[in-house]
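> let me see the structure of the following:
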Amino acid sequence: MSPFHPELRRAAALIPPISFGPRLTRWANTAQRWRGTPRPPAVDGVNARDEFIKGTDGTSIRIRLYVPAADRRPRPALLWIHGGGMIIGVPEQDEAQNIELCRSLGLVIAAVDYRLSPKHPYPTPIEDCYAALAWLHSQADELNILRNRVAVGGASAGGGLAAGLALLALDRGEYALAFQLLIYPMLDDRTTLRTDVDERRLRLWTTTSNRFGWTSYLGRTPGADGISEYAAPARRKALNGLPAAWIGVGTCDLFHDEATTYARRLNGADVPCMLEIVEGAFHGFEIAGAKTGVVRRFRQTYMDALRHSLCDQ
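The predicted structure follows:
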């Protein structure tokens, strides 16, 4: 019997069995540089543009911003962090989703183009995200954003960065977050030490890719002592005081155990966390199975969570 959800079996069969390492990562990032940055799209109901801000080290960081075109009422905002294992990816890979969230929920979406590892290991990526959060708060009056309804979200590595950013924001005490949206998040470098993983159930992100991604981000061997909890949020001992969260993950995802454990620990620390587990879904199934009913239902659950947490107040 196939371990995959019936609606995802065809996609799972078509995904090649590849893993990321130095060569494939260089090729992917070189190809992205050749393609260049796409122009902000012209779509009904949404004004999209690029903003350039200064990071904590003075480097310019790009933010792809999506603002509701007509509604000028005070509104919530979502800082979105893209996935890619800490080693690849751009904000535009999630553009269709971000436009839909902006249009349907009336959210301002700021998608940050953080610097990637291994060229820029921890803490650069998360500090870039923190700079984007600071900028979003600084522009709250101009963008008509409610400062007490700013959320952070991301998928895969972006989910891990979002969780780490929530910890960092809590501890620094400068900017409050109202919600965390963590889609199959990359939370725990110690997953690289597991020897019980059935590789046949994995797609898009393998144990080999995971070791390379974590090694690139940490700049050292993952699983060792002394790893920062802001880099690997699952290492945080006390989760009290964090904003409410939604976590979604599939049963055929390498991150299933670390994501579900984090959700249980949040609830145990009196942090409300909704957990959505999709039977037979693999990592990145939202992309590979974008037109399926299971993906539509999955997306609806987190859109409902965002609406309830940010808009229905």
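
> tell me the spacing between the most centrally placed residue in the chain and G248.
Nearest to the mean C-alpha position of the chain, counting by Cα atoms, centre = their mean, stands G154 at 1.8 Å. G154 is 12 Å from G248, where distance means Cβ to Cβ, to the nearest Å. Bear in mind the C-beta positions are built from the backbone N, C-alpha and C, glycine included.

> tell me where this protein has helices.
Along the chain, counting by DSSP state H, helices occupy 9-14, 22-35, 95-105, 124-138, 140-143, 157-172, 207-218, 256-268, 285-288, 293-306.

> please identify the deepest-packed of those.
The highest mean neighbour count among those, using mean count of other Cβ atoms under 10 Å, belongs to helix 157-172: a mean of 25.

> mind giving me the packing neighbours of it?
Contacts defined by 3 or more Cβ pairs under 8 Å, 6 or more residues apart in numbering; DSSP states H and E place helix 157-172 against strand 75-81, helix 124-138, strand 145-155, strand 179-183.

> what inclination does it have with respect to strand 179-183?
150 degrees (axes from the mean of the first three to the mean of the last three Cα atoms, to 10 degrees).

> how far off strand 75-81 does helix 157-172 point, in degrees?
120 degrees.

> could you tell me the angle between helix 157-172 and helix 207-218?
30 degrees.

> quick one: helix 157-172 to chain centroid distance?
Centroid displacement of helix 157-172 relative to its chain, using Cα atoms, centre = their mean, to the nearest Å, is 10 Å.

> cool, and stretch 62-75?
Chain-centre distance of stretch 62-75: 20 Å, with Cα atoms, centre = their mean.

> straight-line length of it, end to end?
End-to-end distance for stretch 62-75: 22 Å, by Cα to Cα, to the nearest Å.

> likewise stretch 234-242?
13 Å.

> per-residue pLDDT, the nearest residue to L187 once chain neighbours are set aside?
Nearest residue to L187 in three dimensions, chain neighbours excluded: A234, at 4.3 Å (Cβ to Cβ, 6 or more residues apart in numbering). Per-residue confidence for A234 comes out at a pLDDT of 98.

> same check, this time on I287
pLDDT recorded at I287 is 89.

> same check, this time on the one 5 residues further on
Predicted confidence (pLDDT) for T292: 95.

> how deep is it tucked in, by neighbour count?
19 (other Cβ atoms under 10 Å).

> residue contacts, it?
By Cβ atoms under 8 Å, 6 or more residues apart in numbering, the contact list for T292 reads 7-8, 11.
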